[in-house]
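Novice: please find the sequence and the predicted model below.
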Amino acid sequence: MAAQAFTIHPVAALDDNYIWTVSRNGQAVCIDPGEAGPVLDYLHRHGLSLAEIWITHHHHDHTGGIAGLKQVFPQCTVYGNRDIAAADRYAGEGVQWLFGGCRVEVWHTPGHTAGHLSYLLHDAEGLHVFCGDTLFSAGCGRVFCGTAGQLYVSLQRYAGLPGHTLFYPAHEYTAANLRFAACVEPDNPAVRTARAAAEHMPTLPVSLAHELRINPFLRTGGRQVAQKAAEYSGGKLADGAAVFAALREWKNRF
Ligand SMILES: [Zn+2]
């Protein structure tokens, strides 16, 4: 008998966080619980037991619910990097385990923070990437305690995955990001189409193929992106990393 598919569902929390839940056969994982209440409600309504918590980075809107969830599910295992005090198990580059019979793989994807992780879940349908605050649809995270250079390398690494890979960011900033994308690439018809769609419906998860068409932070090799970034920074930019850093600066002030 074929394995039952995972159910992957976003639980809305705080102002604009998505706490993604992954479940199969009554066992659930939640990723970056910024608060416990909405996750507990969801688990209760669906008769699920929380087996694991995966933490991408230390910001409070991604970790604030850990203690409350552990109170109700003391057996659940918290995975995180060394900067996550509440982690039961170390997760870092190359660490792997099985959840629901499928392989979970950890990538170290610094930039937003120095210790930021991504969790890659491989199932029969393909690859699901829980990317925290590294990639947003049509955008990327701000640089806090990492560097723009690290964030560029992390996004380039995502860009090498198969096009049908699905990304599950922790925030829905798509409409605002697309306003910026339209300013960077006014001639990109895919950005125009995505913008019209984003005004009306939730847009997550997103496929890598879609992001490669609309996300200026993944399109630093494009002529118009490079030209606009150079205009913004007032000089020629040497390479993709420099274009990326200029875009990130521009977006911070946008
Ligand atoms: Zn963050």
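Specialist: Cool, got the structure. Residues are numbered from 1 along each chain as shown.
Novice: all contacts plus neighbour counts: C-alpha atoms, from now on.
Specialist: Will do.
Novice: against which helices or strands is the worst-scoring helix or strand of the chain on mean pLDDT packed?
Specialist: When the helices and strands of the chain are scored by mean pLDDT, DSSP states H and E, helix 189-198 comes last with a mean of 88. In this structure, helix 189-198 packs against helix 174-184, helix 208-214, with contacts taken as 3 or more Cα pairs under 8 Å, 6 or more residues apart in numbering; DSSP states H and E.
Novice: and whichever helix or strand comes after the last one, which residues are buried?
Specialist: Next in sequence after helix 208-214, counting helices and strands by DSSP states H and E, comes helix 223-233. By 16 or more other Cα atoms under 10 Å, the buried positions in helix 223-233 come out as 224-230, 233.
Novice: which one of these is nearest G101?
Specialist: Compare each of the buried residues of helix 223-233 with G101 using Cα to Cα and the shortest gap goes to V225, at 42.0 Å.
Novice: check what pLDDT the closest one gets.
Specialist: At V225, the model reports a pLDDT of 97.
Novice: show me the contacts for it.
Specialist: Counting by Cα atoms under 8 Å, 6 or more residues apart in numbering, V225 touches 184-185, 216, 219, 243.
Novice: try R213
Specialist: By Cα under 8 Å, 6+ apart, the contact set of R213 is 190-191, 219.
Novice: one more: L48?
Specialist: Contacts for L48 (Cα under 8 Å, 6+ apart) come out as 23, 26-28.
Novice: what does the spatially closest residue to S233 that is not a sequence neighbour show for phi and psi?
Specialist: The spatially closest residue to S233, leaving aside those adjacent along the chain, is A246, at 6.3 Å (Cα to Cα, 6 or more residues apart in numbering). A246 has phi and psi values of phi -70, psi -40 when expressed as degrees, to the nearest 10.
Novice: if you skip the residues just before and after it, what's nearest to F167?
Specialist: V129 (4.8 Å).
Novice: would you say the one you found is within a strand?
Specialist: Yes: looking at V129 with DSSP: H, G, I helix; E, B strand; the rest coil, it is inside a strand.
Novice: model confidence for it, exactly?
Specialist: V129 is given a pLDDT of 98.
Novice: and Y173, by the same measure?
Specialist: 83.
Novice: can you give me the helices in the protein?
Specialist: Secondary structure of the chain (DSSP state H): helices at 37-45, 60-63, 66-72, 148-159, 174-184, 189-198, 208-214, 223-233, 240-253.
Novice: and those helices: which comes nearest A87?
Specialist: Of all these, helix 66-72 comes closest under Cα to Cα, at 9.3 Å.
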